[in-house]
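*Asks:* Fold the following and give me the result.
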Amino acid sequence: MNQKELKELIEFLIEKDIAEFELERGDVKVKIKRAGAQTVVQAHKDVPYASVPVVAVPPIAMQPASVVPAATPTPAEAASQPAAADDLYIVKSPIVGTFYEAPSPGAPPFVKVGDAVEVGQVLCIVEAMKLLNEIEADVAGEIVKKMATNGQPIEYGQELFALRQK
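*Replies:* Modelled structure (predicted):
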């Protein structure tokens, strides 16, 4: 494994927010652990290389979205838009899994567009490795947009809901 491949691997792991990774290929062994804002890489090939600290950006969890509109919308477009993007709070998936909008097949969804939600209210379920993880609202507000479909595989950090905060 050359330095370029190692750098690309580190960037990929940072992008996907993977905290620990180990790779063994023949007589080359690479172990990467991220702790806080630093990443430490240890590569071994019979004789250990020096550890290389790499500064990593800490993960950014759910935060309000800020979108700058490209142009001023016409009155008809403004009426069709649910709200200005500045006041929307985006709920993102904390894990990789399968998105479910209801507690069981045939049951009504936890929330739908237009519903008012409170802090701690269950918005959906993300199934990962046969575990059902309830995703709760971090802020009180109104559901403006649902961005995932029932039964859809989702990634870490994928946007699930947009809420207009109270």
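*Asks:* Disregarding residues adjacent in the polypeptide, which is nearest to Gly97?
*Replies:* Ala128 (3.5 Å; Cβ to Cβ, 6 or more residues apart in numbering). For every residue, glycine as well, the C-beta is placed using N, CA and C.
*Asks:* Next, the buried residues of the longest helix seen in the chain.
*Replies:* Ranked by number of residues, the top helix in the chain under DSSP state H is helix 3-15. Residues of helix 3-15 classed as buried by neighbour count (16 or more other Cβ atoms under 10 Å): 6, 9-10, 13-14.
*Asks:* now the helix or strand just after it: mean pLDDT?
*Replies:* Remark: after helix 3-15, the chain's next helix or strand is strand 20-25, criterion DSSP states H and E. For strand 20-25, mean pLDDT rounds to 80.
*Asks:* Strand 20-25 pairs with which strands, and in what direction?
*Replies:* strand 28-35 (antiparallel) (DSSP bridges).
*Asks:* Next, the angle from the partner strand to helix 3-15.
*Replies:* Orientation check (axes from the mean of the first three to the mean of the last three Cα atoms, to 10 degrees): strand 28-35 against helix 3-15 gives 30 degrees.
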